[in-house]
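Trainee: Okay, predicted coordinates and the sequence, questions at the end:
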Amino acid sequence: MRMSVIGTGYLGATHAACMAELGHEVVGVDVDESKIAALQSGDVPFFEPGLPEITRRNLDNGRLRFSTDYADAAEAKVHFLGVGTPQQRGAYAADLTYVRAVIKDLVPRLTGDNLILGKSTVPVGTAAELQVLADELAPEGTTVEIAWNPEFLRESHGVEDTIHPDRIVLGLREGSTQEPLVREIYASQLAEDIPFLVTDLQTAELVKVSANAFLATKISFINAVAEVCEAAGADVVKLAEAIGYDDRIGRKFLGAGLGFGGGCLPKDIRAFMARAGELGADQALSFLREVDGVNMRQRDRVVQLAKQLSGGSLLGKRVTVLGAAFKANSDDVRDSPALNVAGQLSLAGAAVSVYDPEAMANAAKVFPTLTYAQSLRESLEGAELVLLATEWQEFRDMDPQEIAQVVDQRIIIDARNVLDPAAWAAEGWQIKALGRSL
Ligand code: UDX
């Protein structure tokens, strides 16, 4: 089937390439010329494992192309909308400028009968609002239906999550007859028995934010318990393992440490609270304020711990921060806890050396004043304190004996709870972590 994907960021570029991989004829459209030029020549402008390979394969076989021209999108009758919905400046609510701009730019160019499938995370009620806008802008004789088909992909697992999702959710307006068309788009997934849920528009919009709010709550829950563990002399890692065996709870997303960041979870819980407030249901989500608060507090706690381990002052201390990305296997530094901590340490007077396997260029744009080392070893040279802030495999695999030869002082904070404390202690390291009394 012929289709367009508007917006070629982490979500849209992945969706475009994966739809082509599934056999569709896809054009990815974005207003960012440099991004489109890179994608068209097979260079994915961000780090997403597996995506460059399927992008090149489908550019070569002719099923995938990229364009800055909405006229190219208008050749299709099915359009996926995958532009960003960042947090508004100075407010909790989502900024819908880009979403509305797509409707304004695309709809006047359309002919015949069209379906726009929204993938972006939006406040409940957005699809209905966009439908009104599309109806106003559609040329005579053209029909445009807005449906919502939220995306659940995780960065760093984007390809796998798009080709084999846990579920497909489709929100349709009352009286819609588009379900068979959407079933055709996802025919190969439906043949794998992936659950397909058809709902009204509002439910589909809310499914996405609820899923992210739940994940955020789960992480903040374990981080709150970690604070109690510390106060009581207990071990949050063992505790998470023990409660995780209960399959009503589950071990996933009970990783205590620096907490969540990235382009989704933080802004989604805030936009969810803002929208609930607009709907008069603000009390219902007031607990998310606490979820946000617990999460942000972890960053301060790590800074305090670093200060304490530096004898009360960070002034002039050589601190190595391992990680800049908001999570492993990503180059995304949006609201990255690691980078936030690196910045705070630097502002407190420490000489901070940062190393990340993929996110250095993005980090340097946000925090140009930090020192970025070219390798893990270089970053550790002469360190008086090491802080593991992003859970990259390269950091998990560090050999405490080898590293001890490079640093000045054997003091490490494992802010992601991924190291084996006994192995590090055996090599003479003082190792500290959140939620554990080591
Ligand atoms: C998230 C959702 O998982 C995904 O379904 C949605 O489509 C977009 O938002 P993503 O932002 O890629 O995906 O990151 P995710 O893997 O969920 O991790 C979010 C953050 O939580 C990261 O900073 C990660 O380090 C942190 N995290 C995760 C923890 O602190 N502890 C955990 O146990 C798990």
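Mentor: Received the coordinates, thanks.
Trainee: Which residue ranges of the stretch 1-150 of the chain form strands?
Mentor: With DSSP state E, counting those that start in this stretch as the criterion, the stretch 1-150 of the chain has strands at 2-6, 25-29, 64-67, 78-81, 113-118, 143-148.
Trainee: After the top helix by length along the chain, which helix or strand is next? Please name it.
Mentor: The longest helix of the chain (DSSP state H) is helix 201-232. Later in the chain than helix 201-232, the nearest helix or strand by DSSP states H and E is helix 236-244.
Trainee: Would you mind giving the domain segments of the protein?
Mentor: 2-194, 201-438 (automatic domain parsing).
Trainee: What distance separates the opening and closing residues of stretch 364-381?
Mentor: End-to-end distance for stretch 364-381, by C-alpha to C-alpha, to the nearest Å: 20 Å.
Trainee: mean confidence for it?
Mentor: For stretch 364-381, the mean per-residue pLDDT is 97.
Trainee: can you list contacts of that stretch?
Mentor: For stretch 364-381, the external contacting residues (C-beta atoms under 8 Å, 6 or more residues apart in numbering) are 320, 322, 333, 339, 342-343, 346, 351-355, 360, 363, 386, 394-395, 398, 403, 406-407. Just so you know, the C-beta spots here come from the backbone N, C-alpha and C atoms, and that holds for glycine as well.
Trainee: ok, now which ones touch the residue in the chain that the ligand sits nearest to?
Mentor: In the chain, the residue found nearest to the ligand is Gly255; the distance is 2.8 Å by C-beta to the nearest ligand atom. Contacts for Gly255 were tallied using C-beta under 8 Å, 6+ apart; they are Ile219, Ile222, Ala240, Glu391, Arg416, Asn417.
Trainee: same deal with Gly90?
Mentor: Applying C-beta under 8 Å, 6+ apart to Gly90 gives no contacts.
Trainee: Met296 versus that one, what's the distance?
Mentor: According to C-beta to C-beta, to the nearest Å, Gly90 stands 17 Å off from Met296.
Trainee: And Asp335, by the same measure?
Mentor: Distance from Asp335 to Met296, by C-beta to C-beta: 10 Å.
Trainee: repeat for Arg183
Mentor: On the measure of C-beta to C-beta, Arg183 and Met296 end up 42 Å apart.
Trainee: Repeat that for Ser330.
Mentor: Going from Ser330 to Met296 by C-beta to C-beta gives 20 Å.
Trainee: hmm, back to that, wait, a helix at the residue of the chain closest to the ligand?
Mentor: No - counting by DSSP: H, G, I helix; E, B strand; the rest coil, Gly255 is not part of a helix but coil.
Trainee: mind checking pLDDT for Ser437?
Mentor: Note on Ser437: pLDDT of 88.
Trainee: Report the contact partners of it.
Mentor: Neighbouring residues of Ser437 by C-beta under 8 Å, 6+ apart: Cys229, Glu230, Gly233, Ala234, Asp235.
Trainee: Adding pLDDT, write these out as JSON lines.
Mentor: Shown next, in JSON lines, are the contacts of Ser437 (pLDDT from 0 to 100):
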{"residue": "Cys229", "pLDDT": "98"}
{"residue": "Glu230", "pLDDT": "96"}
{"residue": "Gly233", "pLDDT": "97"}
{"residue": "Ala234", "pLDDT": "98"}
{"residue": "Asp235", "pLDDT": "98"}
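Trainee: just to revisit the earlier point, give me the buried subset of the contacts of stretch 364-381.
Mentor: Burial by neighbour count, 16 or more other C-beta atoms under 10 Å: within these this picks out 320, 322, 333, 339, 342-343, 346, 351-355, 360, 363, 386, 395, 398, 403, 406-407.
Trainee: Could you measure from Gly7 over to Thr85?
Mentor: 10 Å.
Trainee: What mean pLDDT does stretch 143-163 get?
Mentor: Mean pLDDT, computed over stretch 143-163, is 97.
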